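> below are the sequence and a predicted model for it; my questions follow.
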Amino acid sequence: MENQNPIHVFATWKVKEGQIENVLQLLKTVHNESIKEEGNLFYKIHQSKSDLNTIILFEGYSNEAAVAEHRNSPYFQDLVLGKIVPLLENREIILTTLLEY
């Protein structure tokens, strides 16, 4: 059965030299579209204080289906995969669920 627990996404993006402003500008639109999604709980953009070319995204979704809907959306395909990813040196994504003790 599909996991119905909230899913949290931690994404670390290392932006190519000279491209940080372009990525941040595109991320404004990604953020604004993401928070409109029914299954989105939050979408937070952080910038490393020690390396200004490193962006950390912290995202929350109601379940796995909401993550899939986000990733399959036209704006994600166009902006993130089509325009942002080519401006990155490295991209790491970790999906998590909360452990209850």
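It's in.

> quick check: buried residues in stretch 35-42?
Glu37, Gly39, Asn40 (16 or more other CB atoms under 10 Å). The way it works is simple: take the backbone N, C-alpha and C, and place the C-beta from them, glycine included.

> and what of stretch 61-69?
Buried residues in stretch 61-69, defined by neighbour count with 16+ other CB under 10 Å: Tyr61, Ser62, Asn63, Glu64, Ala66, Val67, Glu69.

> quick one, what contacts Ile55?
Contact analysis of Ile55 by CB atoms under 8 Å, 6 or more residues apart in numbering lists Thr12, Trp13, Val15, Ile20, Val23, Leu24, Leu27, Ile45, His46, Gln47, Ser48.

> thinking again about what came up before, among the buried residues of stretch 61-69, which are in helices?
Judged by DSSP state H, helices contain the following of those: Glu64, Ala66, Val67, Glu69.

> of the contacts of Ile55, which belong to strands?
Thr12, Trp13, Val15, Ile45, His46, Gln47 (DSSP state E).

> give me the buried entries from these.
Among the ones in strands among the contacts of Ile55, those buried by neighbour count (16+ other CB under 10 Å) are Thr12, Trp13, Val15, Ile45.

> so who does the last one touch?
To tie it back to what came earlier, the one meant is Ile45. Ile45 neighbours (CB under 8 Å, 6+ apart): Leu24, Leu27, His31, Ile55, Ile56, Leu57.

> which PyMOL command selects the buried ones in those?
This is how PyMOL selects the buried members of these, with burial counted by 16+ other CB under 10 Å:
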select buried, resi 27+55+57
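
> as TSV, the contacts of Ile45 with distance to Val85 would be great.
Output for the contacts of Ile45, formatted as TSV (distance: CB to CB, whole Å):
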residue	distance to Val85
Leu24	15
Leu27	12
His31	16
Ile55	12
Ile56	16
Leu57	13
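
> element containing the residue sitting nearest the centre point of the chain?
Nearest to the geometric centre of the chain sits Leu57, at 5.0 Å (CA atoms, centre = their mean). In this structure, Leu57 sits in strand 54-61 according to DSSP states H and E.
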